[in-house]
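A.B. asks: With the sequence up front, the predicted model follows.
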Amino acid sequence: MHGDKWKETDSTEIEEYVGCLLHMGVLKDSNFPTSVLWSKIDGNTLVKAFSSRDRFLKISNAMRFDDKETRTARKAKDIFAPFREIWEDFDAKFAREYVPGPLLTVDEKLMPWRGRCAFLQYRPSKPDKYGIKKMDFPYMVNHTREGKERLEKSIWEEILQLLLQNPILAVAEILLSTFFHRLHSQHTSVSYNITMVVAV
């Protein structure tokens, strides 16, 4: 990609790169251009210690998260294919560490994003008008179904089934957003001995 200007990387540098991204995320530094983050006067000290700005941009530009050889076939069924595998692995690790309480809420969430994305959504009523919508049950559902083959049951019912079937879920009551009023599956909650309340 970069020809003779490319320097081979290793696992240590990639781990540092990911740590750098997490650090920038915590500080909300993703809102700033790299010219500011690497500024000699006002730049982020930890970010500058990781690498030069040029090296950071080259790694970001070259970063891929899937097998290029099989991408075309997978994207035919799932437009999230280039990131699907690492997303689900990352999500599963959080789920193992999450212990739910007696009351839970499931709702949709728009993750702000203005980059290239095949299923970017525009919501003029939201503070961040562009983003990726997901059904949010922190670190348990995080459902991004966009792009997969259409199923016979609705996306809402599929998400609810994922939630109820989680083996570590042992709650008494779940508060659902108004989107779930479309469900006609009261028997589902009965079979799992869980009370579902839909917000109006």
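C.D. replies: Received it, and whenever you're ready, just let me know what you need.

A.B. asks: Please, where are all the helices along the chain?
C.D. replies: 11-26, 34-37, 45-50, 53-62, 71-75, 81-97, 155-164, 186-191 (DSSP state H).

A.B. asks: which of the ones you listed sits most buried?
C.D. replies: helix 155-164 (a mean of 18; mean count of other CB atoms under 10 Å). (Each C-beta comes from the backbone N, C-alpha and C, glycine too.)

A.B. asks: Domain-wise, how is this structure divided?
C.D. replies: 3-62, 72-109+137-198 (automatic domain parsing).

A.B. asks: Would you tell me which of the helices of the chain gets closest to D128?
C.D. replies: helix 11-26 (15.2 Å; CB to CB).

A.B. asks: Remind me what that closest one packs against, helices and strands.
C.D. replies: Helix 11-26 is packed against helix 45-50, helix 53-62, with contacts defined by 3 or more CB pairs under 8 Å, 6 or more residues apart in numbering; DSSP states H and E.

A.B. asks: Include mean pLDDT and distance to R74 when you put the ones you listed into a markdown table, please.
C.D. replies: Shown next, in a markdown table, are those (pLDDT from 0 to 100; distance: least, CB to CB, whole Å):
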| stretch | mean pLDDT | distance to R74 |
| --- | --- | --- |
| helix 45-50 | 90 | 32 |
| helix 53-62 | 92 | 20 |
